[in-house]
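Colleague: I'd like to go over a predicted model; first the sequence, then the structure.
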Amino acid sequence: MTDLFSKFDPLIRQREDLLATGVTDPFSLVMERVVSPTVAICNGRETILLGTYNYMGMTFDADVIAAGKDALDKFGAGTTGSRVLNGTYQGHKECEEALKEFYAMDHAMVFSTGYQANLGIISTIAGKGDYVILDIDSHASIYDGCAMGNAEIVAFRHNDVDALEKRLKRLPPEAGKLVVLEGVYSMLGDIAPLKEMIRVSKEAGAMILVDEAHSMGFIGEHGRGVAEAQGVIDDVDFIIGTFSKSVGTVGGFCVSNHPKFEILRLVCRPYVFTASLPPSVVATAATSIRKLMHGSNKRAHLWENSKVLHKGLRDLGFTLGTDEPQSAIIAVIMPDLEMGAMMWEALLEEGLYVNLARPPATPAGMTLLRCSLCAEHSSDQVIEILARFERAGKRVGIIG
Ligand SMILES: Cc1ncc(COP(=O)(O)O)c(C=O)c1O
């Protein structure tokens with residue numbers, strides 16, 4: 001018998017070598033208690049959370065929690081069915097209405113996760129003979145959507161408008177084309193030059209999908225994302241998003257003005273062949289989305305936090321993923337995985353949780369400490385975060 005697990009041996013060895021250095025396993029941390037959007041108890045210690053996607057701090061919003069409890073009482077724990085059979089409740093429709101209003105778009109389709117939204121939309125609309133043109137640093141769910149479909153896949157250099165244009169020009173003019181972009185790239189926290197990319201894509205006759213997972217609620221005047229901030233949202237054919245970040249729960253969606261959009265409900269396999277979200281989840285999502293429409297003060301505070309943290313970390317001597325803060329994600333570049341894991345542990349001992357990210361999730365084989373800010377972080381917490389980074393960085397020897 002060939003052991004099908006032998007392909008994982010290099011990863012198993014890498015993990016064993018890392019743990020043999022005595023470092024805490026960075027990928028099995030348990031949140032023993034969650035006190036608020038910005039504080040949890042980890043290893044018995046009160047810890048500031050700087051590695052969640054809870055950008056707008058909606059997880060503990062009183063109205064959101066009340067809506068979830070009410071739906072749990074009235075509609076039960078789950079739907080036990082697909083959206084196209086017994087799994088569409090009033091709450092799913094209300095959630096889709098909230099999304100249509102939030103984005104000012106004609107159609108909204110709620111999936112069970114954002115991963116499934118990318119998987120479903122990309123694999124369904126780009127078929128045999130079509131082309132998907134995507135940024136090489138795209139999220140795994142975008143790649144998996146491509147792998148599940150039958151279209152030809154063409155990748156271009158990260159955020160490079162000329163590279164995108166060149167690739168598009170080489171494709172048959174009459175072929176169907178879907179350009180897939182992200183508003184914010186979650187590893188380095190950089191944003192896409194959507195305005196220019198959408199212009200060259202439209203010139204080539206392509207449709208455009210933008211995944212705004214990390215910008216919804218925060219970026220743009222109404223929190224609609226980078227496409228809104230750059231004034232090109234009307235040129236985007238499909239926006240993909242998630243409830244697992246700013247919305248503060250779980251679920252995914254696609255919004256669009258395409259007149260034939262509703263047919264996707266019958267042909268999109270990751271929508272049809274899975275159970276729909278529980279009533280409590282869609283109730284929390286709908287309430288949260290409606291509150292995010294009026295979140296401009298929170299957005300302003302989150303930008304302030306992002307600027308203060310970015311400048312503070314740079315002044316301390318850390319190497320960051322972007323020259324300027326472009327989103328709520330600030331990536332601190334580590335020299336290697338060992339050093340990254342040591343710094344991650346030192347921060348945890350200081351009472352600060354960040355995300356340790358490593359290849360293949362990261363671009364160019366980088367190890368990153370990804371800091372993601374929350375609108376509920378107080379200004380004092382941000383100052384405390386910088387003090388903890390300074391102490392940990394000096395202890396590990398990453399800064400002098
Ligand atoms: C860019 C992007 N798209 C999609 C997803 C998937 O979202 P979900 O957590 O809802 O599956 C993520 C999640 O990390 C993401 O970063």
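Modeller: That came in fine, so what should we check first?
Colleague: residue contacts, the closest residue to the ligand within the stretch 1-150 of the chain?
Modeller: Relative to the ligand, the nearest point of the stretch 1-150 of the chain is residue 114 (2.7 Å; CB to the nearest ligand atom). Where you see a C-beta, it was placed from the backbone N, CA and C, and this is true even at glycine. Applying CB atoms under 8 Å, 6 or more residues apart in numbering to residue 114 gives the contacts 141, 211, 213, 240, 241, 242, 243, 244, 251, 252, 253.
Colleague: of the residues you listed, list those near the ligand.
Modeller: Taking CB under 6 Å from any ligand atom as the test, the ligand is in contact with 141, 211, 213, 242, 244, 252 out of the contacts of residue 114.
Colleague: from those, which two are the most distant?
Modeller: Spanning the widest gap among those are 211 and 244, at 12.8 Å by CB to CB.
Colleague: with adjacent residues omitted, what lies nearest to residue 370?
Modeller: With CB to CB, 6 or more residues apart in numbering as the criterion, residue 370 has its nearest non-adjacent residue at 4.2 Å, and that residue is residue 355.
Colleague: number of nearby residues for that neighbour?
Modeller: Residue 355: 20 surrounding residues under other CB atoms under 10 Å.
Colleague: next one: residue 32
Modeller: For residue 32, using other CB under 10 Å, the count is 12.
Colleague: show me which positions of the strand or helix carrying it end up buried.
Modeller: For residue 32, the host element (DSSP states H and E) is strand 31-36. For strand 31-36, the neighbour count (16 or more other CB atoms under 10 Å) marks residue 34 as buried.
Colleague: give me the beta-bridge partners of residue 34?
Modeller: residue 40 (DSSP bridges).
Colleague: quick check: the gap between the residue nearest to residue 370 and residue 293.
Modeller: Separation of residue 355 from residue 293 (CB to CB, to the nearest Å) stands at 28 Å.
Colleague: now residue 38
Modeller: Distance of residue 38 to residue 293, given as CB to CB: 23 Å.
Colleague: so which of those two has more stuff around it?
Modeller: Higher neighbour count among residue 38 and residue 293: residue 38, with 22 against 14, using other CB under 10 Å.
Colleague: list the contacts for the more buried one?
Modeller: 48, 49, 57, 374, 376, 377, 378, 381.
Colleague: close to the ligand: what parts of the protein are there?
Modeller: Counting by CB under 6 Å from any ligand atom, the residues of the chain close to the ligand are 113-115, 118, 139, 141, 182, 186, 211, 213, 242, 244, 252.
Colleague: of all those, which two lie farthest apart?
Modeller: The most distant members of the residues of the chain next to the ligand, if one measures by CB to CB, are 113 and 182, lying 16.4 Å apart.
Colleague: those two: which has the busier surroundings?
Modeller: Neighbours per residue (other CB under 10 Å) separate residue 113 from residue 182, with residue 182 holding more: 27 against 18.
Colleague: apart from its neighbours in sequence, what residue is nearest the more buried one?
Modeller: Residue 182 sits nearest to residue 211 (CB to CB, 6+ apart), 4.6 Å away.
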